[in-house]
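Novice: sequence and predicted structure, then a few things I'm wondering about:
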Amino acid sequence: MEYVTAVPHPRTEAAPARSGRRSLALALLCGALGAAVALLSTRQRWAEGTATVAGGAFPLTAKGSDVTGVPAALAVVGLAALVAVFAVRRSGRLLVSAVLALSGAGIVVAAVVGASDSAALDDKAAAASGDTSATVAALTHTAWPYVAAVGGALILLAGLLALRYGRLWPAMSGRYERNGAPRPRRAAKAVDTDRPEDLWKALDRGEDPTGTGPA
């Protein structure tokens, strides 16, 4: 009876590699773009209104960083986690990928909550009027909080891709990792005893040019 050995099809072996490359490129794009969008959004105007000062209306505005510092902080954390994914392996990569995904989710939640927040403008109204109980009037919000939420969603997508396909991604080369083991000593070069300069160089290195014992 003849036995036929199944040979894996080249396309079958290449499929995981292609999935790894595509998911890696998409995760890098989403993570970097999401962090940039979230950081940019926190510097924009999120809310505006008016406060009554000396009998007149005084316009007030609040940037995203005035409303909440969470999106900017988590964007930095997410960007660091995106880079760290390539420096770790196995369970460490899963942990960092989870941090990346949670950073994105946190940005989305903080941005959506901040989209209707009035506390920052109320504080400015109280400072402008000198009345701690003063509140802002004619409060309106811009679309920038939702732009920040989109940035968080992109970071979340990068984290989910890392959790799903991270095992297929490359890691930092082992030559850059130190385990504390001493480096192997180079073998002594052969010395030509007929050349005086080689003899002196061997003696300077602490070698025995004659091969009979330590110099």
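Specialist: Now that the structure is in, tell me what you want to look at. Numbers count the residues shown, from 1 in each chain.
Novice: so which helix or strand takes in residue 92?
Specialist: helix 90-114 (DSSP states H and E).
Novice: buried residues, that helix. List them.
Specialist: 93-94, 96-97, 99-108, 110-111, 114 (16 or more other C-beta atoms under 10 Å). Backbone N, C-alpha and C define where each C-beta goes, glycine included.
Novice: what's that helix in contact with?
Specialist: By C-beta atoms under 8 Å, 6 or more residues apart in numbering, the surrounding residues in contact with helix 90-114 are 31, 34, 38, 41, 46, 64, 67-68, 70-71, 74-75, 77-78, 81-82, 84-85, 88, 145-146, 148-149, 151-160, 162-163, 166-167, 169, 171.
Novice: which of those residues are buried?
Specialist: Using 16+ other C-beta under 10 Å, the buried members of the contacts of helix 90-114 are 31, 34, 38, 41, 46, 64, 67-68, 70-71, 74-75, 77-78, 81-82, 84-85, 88, 145-146, 148-149, 151-160, 162-163, 166, 169.
Novice: look at residue 89 and say how many residues are nearby.
Specialist: 12 (other C-beta atoms under 10 Å).
Novice: separation between it and residue 171?
Specialist: Distance, residue 89 to residue 171, using C-beta to C-beta, to the nearest Å: 5 Å.
Novice: now do the helix holding residue 92, average pLDDT.
Specialist: The average pLDDT within helix 90-114 is 94.
Novice: any idea how far it is from the chain center?
Specialist: 11 Å (C-alpha atoms, centre = their mean, to the nearest Å).
Novice: please apply the same query to stretch 126-146.
Specialist: 34 Å.
Novice: name the residues that touch it?
Specialist: 41, 44-53, 57-58, 60, 64, 67, 111-112, 114-116, 118, 121-122, 124-125.
Novice: just the ones of the residues you listed in strands?
Specialist: 45, 46, 47, 48, 49, 50, 51, 52, 53, 57, 58, 60 (DSSP state E).
Novice: buried ones from those residues, can you make that a ChimeraX selection?
Specialist: A single ChimeraX command selects the buried members of those (16+ other C-beta under 10 Å):
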select :46,47,48,49,50,51,52,60
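Novice: for the ones in strands among the contacts of stretch 126-146, which one is nearest residue 23?
Specialist: Nearest to residue 23 among those, counting by C-beta to C-beta, is residue 46 at 33.4 Å.
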